[in-house]
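Q: The sequence and its predicted three-dimensional model are supplied below.
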Amino acid sequence: MSREIIDAALETERQRRHHGMLVQYVETTDASLQRGWHGLLQQMRASVLSLPRIRVRPQTLSIELEDLLAEWRELWNSEWFVPARDRHVTSEWTLQDVIAHVASWSKEMRVQSEMLAKGLNVPYRILFEKLGGPRSWNAEQVGLRREQTLKSSIAEVERETAQLQDLLLKVGQPILFAERTIGIASSAAGEPWVKSIAGIVEMRCLHDRLHIHRIREWNRENLAGEF
């Protein structure tokens, strides 16, 4: 997935919100973050369908994950980031909670990718509610990490990303693109999503970059000049 596509989708979301076509950015719940992800997913699907198919190799996806980590490190190393860890980004989540959330999905997507690499379907389901994504699962996972430090959550993101990169370089092309049911299901019919390992990597990058974008916006709107 190219950076240009993601940047274009994010810019489209920003412009639509500016012109009143989306709910104004005054929502302060983690549901707003998940709603934004779903909206971005729809935009991405429309964009990708209009592009010519390109050859994707394991190395390409590994580099994409490395670039994603570079974006995270830029945020993590910002002078305001650690001092702001206990500030609320939403009504429910602090900045540290958001990183814990990202860490939980970094682990989950690595685990599901390993199952697909073995030719297995994921035997459990994380249910996406109609609005706001898997709210119950997200709350549970953030709660499990609430006692750990911000440094620990960051280390988990780093570690899980490295393990996913290692996996990519071990599997062949057929396995990389073989689609199977994964551990995510929509609430409408409870039908599981069907993804390949490559598709999970795409979803991981999309999810993380949405949160990176949201955190940057939050910083500009709430912390300007404080640090």
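A: That came in fine, so what should we check first?

Q: what's in contact with the host helix or strand of residue 158?
A: Element membership of residue 158, judged by DSSP states H and E, is helix 150-168. Residues outside helix 150-168 that contact it (CB atoms under 8 Å, 6 or more residues apart in numbering) are 58-59, 61-62, 65-66, 68-69, 72, 76, 82, 85, 95-96, 99-100, 102-103, 106-107, 109-110, 113-114, 117, 145, 176, 197, 201, 204. Placement of C-beta: from N, CA and C, glycine included.

Q: buried subset of these?
A: Burial by neighbour count, 16 or more other CB atoms under 10 Å: within these this picks out 58, 61-62, 65, 68-69, 72, 76, 85, 95-96, 99-100, 102-103, 106-107, 109-110, 113-114, 117, 145, 176, 197, 201, 204.

Q: And the longest helix belonging to the chain, how far out from the chain middle?
A: What stands out as the longest helix in the chain, according to DSSP state H, is helix 197-222. Its chain's C-alpha centre and that of helix 197-222 lie 5 Å apart, by CA atoms, centre = their mean, to the nearest Å.

Q: Use 66 as the first number for this chain going forward.
A: Sure thing, new numbering starts at 66, so read that last one as helix 262-287.

Q: hey, which strand is longest across the chain?
A: Counting residues, the longest strand in the chain under DSSP state E turns out to be strand 245-251.

Q: rewinding a little: list the buried ones in the helix holding residue 223?
A: By neighbour count on 16+ other CB under 10 Å, the buried set for helix 215-233 is 215, 218-219, 221-223, 225-226, 228-230, 232-233.

Q: again, but for stretch 174-193
A: So stretch 174-193, judged by 16+ other CB under 10 Å, has buried residues 174-175, 177-182, 187, 190-191, 193.

Q: Looking at those residues, which is nearest residue 276?
A: Lowest distance from residue 276 to these (CB to CB) belongs to residue 174, with 13.7 Å.

Q: Next, the angle helix 262-287 makes with the helix or strand hosting residue 174.
A: Secondary structure from DSSP H and E places residue 174 in helix 160-182. Interaxial angle, helix 160-182 versus helix 262-287 (axes from the mean of the first three to the mean of the last three CA atoms, to 10 degrees): 170 degrees.

Q: Now do helix 160-182: which elements does it pack against?
A: helix 200-209, helix 215-233, strand 245-251, helix 262-287 (3 or more CB pairs under 8 Å, 6 or more residues apart in numbering; DSSP states H and E).
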